[in-house]
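Q: prediction below, plus the sequence it came from.
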Amino acid sequence: MARPERCTVTVLRPLPGDPATVRALADRLQGRGERLLSLASALRGLSGPDIAWASPAEAAFAARSHAAAALLVSAGRRHGVSAATLRPLAAALEHAQQVVGAAVAEHSVAHPRAVALGTARVEAEQSADPARRASAVGLHCREVAELERAQDAERRHSRAWRDFQEADRRCAAVLHRLLDDGLADSRAYDALTGLSRAAAGVEGVAGTVALFPSPPTKAFGVAAGAAGATRVAADAVVKVAYGDGDWTSIGLSAAALGTGRAAGVLKRGALATNPAARSAATRTERRLLRHDVQQRLGQGLAAELRQVGRVGAKAPPRPFRAPRPLSSVSSPAATAHWVAEQVAGRARHAAQVRWLDDLALATRDPARSRTMLLSGFGAQAASSGLGGAGALRDHHLDHEAGEAERRRDERSGAQAASGPARPR
């Protein structure tokens with residue numbers, strides 16, 4: 001009998017998953033499929049040969065109801081086939097989990113025993129006591145038996161995993177073929193919705209970075225605006241072409257984007273001036289030589305399109321300077337106080353750079369327009385409010401859709417528990 005020279009350590013992993021969840025999903029799909037088929041039968045009954053329509057509108061409804069009924073039948077069959085495909089998968093998962101669990105339990109006992117017997121065998125073979133050396137043969141036989149148990153558990157474990165993976169591949173193949181029944185979203189729809197989601201993500205990240213008042217963040221502001229325009233355009237195309245979406249949410253997003261751009265134009269135009277007004281000696285001359293509203297709007301629009309900063313010789317935003325360095329802090333309480341000072345100081349600095357400096361410049365210089373600057377601040381606040389309203393409405397619509405889906409699931413579960421609904 002050959003003696004094993006090395007005993008490799010093998011850890012058998014359990015098979016995750018919940019067969020009950022898969023069966024519950026199959027039951028829900030079956031209930032929805034039967035309900036869709038029932039609705040298709042009722043819709044076909046409204047336009048059957050025994051029904052006489054008295055007006056062109058009713059006749060047009062009868063003609064269109066055939067297509068709607070066919071669509072409902074296709075959707076019902078898709079749900080039914082999906083349910084019939086998931087039930088064998090649930091059974092295969094449950095059986096494989098039982099085999100894998102038993103194999104893992106047996107391996108966790110047999111393998112440590114084999115290791116312990118192997119250690120005892122080696123010690124017996126190296127012992128100076130003849131009686132103990134004679135016991136090495138029996139220890140070796142027991143070691144081989146435990147190793148065979150462990151290897152058999154490994155084979156059953158591997159076979160159960162392969163069987164479940166094969167069942168999973170068969171289920172996935174059937175579900176994938178269901179996409180060819182005419183109900184799947186088109187590539188154009190998937191591309192538009194994917195573009196909208198990607199643009200929304202870019203807009204959120206770039207808009208957050210653009211909140212920091214510094215020259216490098218202007219590029220992020222431009223990226224956020226372009227991404228917002230792309231998202232609104234994609235959502236509008238999806239709504240027009242496929243009827244999917246909400247015009248109110250799209251309108252709020254477009255209004256927020258438009259007022260945000262208008263705020264930039266107004267603020268840039270408010271701070272615009274010309275060489276003649278800058279070189280005037282008195283406040284009255286500067287007031288008389290300043291730009292009119294049309295010129296300011298033109299200046300602001302040009303500067304907004306070029307994205308080169310405000311018109312005029314204005315220095316870049318000054319950086320925030322801490323009142324005292326962190327190295328001067330010597331205790332946890334002082335550290336907390338220093339952090340609070342930093343937060344408050346940076347907030348004041350951001351407000352000063354973003355609003356108060358511009359307001360002070362427009363107020364003390366008659367060649368600039370404080371009224372237009374305040375209008376720009378109002379447009380910026382309106383843009384933020386419209387954006388928040390749009391996000392709140394989208395959240396509300398998603399919540400309502402989730403609640404409706406939950407109620408439909410509850411009704412389908414109750415109907416499945418009381419008995420399958422049959423088309424009348």
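A: Ah, there it is.

Q: please make it C-alpha for all contacts and neighbour counts, starting now.
A: Will do.

Q: can you pull out the low-pLDDT segments for the stretch 151-300 of the chain?
A: The model of the stretch 151-300 of the chain has pLDDT under 70 over residues 180-186, 210-219, 221-222, 242-244, 260-261, 276-281, 283, 285-289.

Q: which residue ranges of it form helices?
A: Per DSSP state H, counting those that start in this stretch, the stretch 151-300 of the chain carries helices over the ranges 187-210, 218-242, 247-270, 275-279, 283-289, 293-306.

Q: can you pull out the low-pLDDT segments for the stretch 301-424 of the chain?
A: Scanning the stretch 301-424 of the chain with the threshold set as pLDDT under 70 gives 304-330, 349-356, 362, 408-409, 411-424.

Q: for the residue nearest the centre of the chain, give me its contacts.
A: Nearest residue to the geometric centre of the chain (C-alpha atoms, centre = their mean): Arg197, 8.4 Å. When contacts are counted by C-alpha atoms under 8 Å, 6 or more residues apart in numbering, Arg197 touches Arg231.

Q: out of the helices of the stretch 151-300 of the chain, which is closest to Pro332?
A: Checking those against Pro332 by C-alpha to C-alpha gives helix 187-210 as the closest, at 30.5 Å.

Q: which helices and strands does the one helix or strand Leu72 maps to pack with?
A: In this structure, Leu72 sits in helix 56-125 according to DSSP states H and E. Where contact means 3 or more C-alpha pairs under 8 Å, 6 or more residues apart in numbering; DSSP states H and E, helix 56-125 is packed against helix 19-45, helix 130-134, helix 136-177.

Q: of those, which stretch is the most buried?
A: Of all those, helix 19-45 carries the top mean neighbour count, a mean of 20, counting by mean count of other C-alpha atoms under 10 Å.

Q: got the angle for it vs helix 56-125?
A: 170 degrees (axes from the mean of the first three to the mean of the last three C-alpha atoms, to 10 degrees).

Q: for helix 19-45, what is the average pLDDT?
A: For helix 19-45, mean pLDDT rounds to 89.

Q: so which elements touch that helix?
A: Helices and strands touching helix 19-45, by 3+ C-alpha pairs under 8 Å, 6+ apart, are helix 56-125, helix 370-418.

Q: list the helices and strands the last one packs on?
A: This means helix 370-418. Helix 370-418 makes packing contacts with helix 19-45, helix 247-270, helix 357-364 when contacts are defined by 3+ C-alpha pairs under 8 Å, 6+ apart.

Q: please determine how far the nearest residue to Gly387 once chain neighbours are set aside is located from Ala92.
A: Once flanking residues are discounted, Gly387 sits nearest to Ala256: 5.4 Å by C-alpha to C-alpha, 6 or more residues apart in numbering. Using C-alpha to C-alpha, to the nearest Å, one obtains 53 Å as the distance from Ala256 to Ala92.

Q: of the two, which one has the most company?
A: Neighbours were counted for Ala256 and for Ala92 using other C-alpha atoms under 10 Å; Ala256 has more, 25 against 20.

Q: quick one on the thing from earlier: now the helix holding Leu72 against helix 136-177, angle please.
A: Relative orientation of helix 56-125 versus helix 136-177 (the same axes, to 10 degrees): 170 degrees.

Q: quick one: average confidence on helix 56-125?
A: Rounded mean pLDDT across helix 56-125 is 87.

Q: that older thread, roughly how far does the residue nearest to the centre of the chain sit from Ala131?
A: Applying C-alpha to C-alpha to Arg197 and Ala131 gives a distance of 78 Å.

Q: what about Ser196, distance to Leu252?
A: According to C-alpha to C-alpha, Ser196 and Leu252 sit 15 Å apart.

Q: do His157 as well
A: Note on His157: its distance to Leu252, by C-alpha to C-alpha, is 57 Å.

Q: same question for Leu139.
A: From Leu139 across to Leu252, the span is 80 Å (C-alpha to C-alpha).

Q: burial count for the nearest residue to Ser369 once chain neighbours are set aside?
A: Spatial nearest neighbour of Ser369, excluding adjacent residues (C-alpha to C-alpha, 6+ apart): Ala270 at 4.8 Å. Neighbours of Ala270 under the rule other C-alpha under 10 Å: 30.

Q: tell me the contacts of the residue nearest to Gly387?
A: Ala256 sits next to 382-387 when contact means C-alpha under 8 Å, 6+ apart.

Q: this completes my enquiry, with thanks.
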